[in-house]
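**Q** What follows is a predicted structure for the sequence shown.
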Amino acid sequence: MSATPGREPPAFQPAPNSKPTAAAGPVAPPRPARNALHLGPHTRQIIRSVARLVNPLVLRIAGRRHMPVIGIIHHRGRKTGRRYATPLGIRPAAAGGFVMPLTFGESAGWYRNIVATGWCVITWRGADHTVASPVIIDRATALPAFPRYERLALRAIGINEFAWLHDAPASPQSGLTSQLQ
């Protein structure tokens, strides 16, 4: 029986000469509920077209010190190796790392790229954070990271899946960050 990528934390190889750390935080449920938001191919194509126009504008303000609602995920394409910067709603998790809604589920390109590489860099509130080991978590586990008005909105549109990215170990961080540049 094979595991679906992103469904359980991948085995993370510690850096040579590093001290083992205890994994803390929420545990991924075996099968979280799927998102209630189901869009047809035509609607998804329209959303992609709008995103191509809006994302460059949003990237100008996302990830800045005074913009806690939107962060930027810097990742590489899983097939092309091309660098991408994707603005997303990002919140820090109480157990470390960051949580973001999987509005379009596991088929989102940014999520598939992160699962393929196992890590990415998040720019949030003006600082870069290297994160790794993407895990899908359910709404009950993720919502405490969001303020009340966002929790209500996420419930209203039926978002049940969230991606939780753990803080990457300190030693390989400089090497991982330089790979994105």
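**A** Now that the structure is in, tell me what you want to look at. Just so it is clear, the structure is predicted and the values come from calculations on it, not from any experiment.

**Q** For whichever strand or helix holds Gln45, enumerate the helices and strands it packs against.
**A** Assigned by DSSP states H and E, Gln45 falls within helix 41-59. Judged by 3 or more Cβ pairs under 8 Å, 6 or more residues apart in numbering; DSSP states H and E, helix 41-59 is in contact with strand 83-89. Glycine gets a C-beta too; all of them are placed from N, C-alpha and C.

**Q** The strand it packs on pairs with which strands, parallel or anti?
**A** Paired with strand 83-89 in the same sheet, following DSSP bridges, are strand 70-76 (antiparallel).

**Q** Next, the angle from the partner strand to helix 41-59.
**A** 110 degrees (axes from the mean of the first three to the mean of the last three Cα atoms, to 10 degrees).

**Q** roughly how far is strand 70-76 from the heart of the chain?
**A** How far strand 70-76 lies from its chain's middle: 8 Å, per Cα atoms, centre = their mean, to the nearest Å.

**Q** For that strand, the averaged confidence score.
**A** For strand 70-76, the mean per-residue pLDDT is 95.

**Q** could I have that strand exported to CSV, CA atoms only?
**A** Output of strand 70-76 as CSV, limited to C-alpha atoms (Å, rounded to 0.1, in the frame of the first residue of the first chain):
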residue,chain,number,x,y,z
ILE,A,70,-1.0,37.5,2.4
GLY,A,71,2.4,35.9,2.2
ILE,A,72,4.5,34.6,-0.8
ILE,A,73,5.5,31.1,-1.4
HIS,A,74,8.7,30.8,-3.4
HIS,A,75,9.0,27.4,-5.1
ARG,A,76,10.5,25.7,-8.1
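
**Q** Show me what that strand is in contact with.
**A** Strand 70-76 has contacts (Cβ atoms under 8 Å, 6 or more residues apart in numbering) with 58-59, 61-63, 82-90, 98, 100, 110, 113-114, 117, 120-125, 128, 179-180.

**Q** which of those residues are buried?
**A** 58, 62-63, 84-90, 98, 100, 110, 113-114, 117, 120-124, 180 (16 or more other Cβ atoms under 10 Å).

**Q** Just the mean pLDDT for the helix holding Gln45, thanks.
**A** For helix 41-59, the per-residue pLDDT averages 84.
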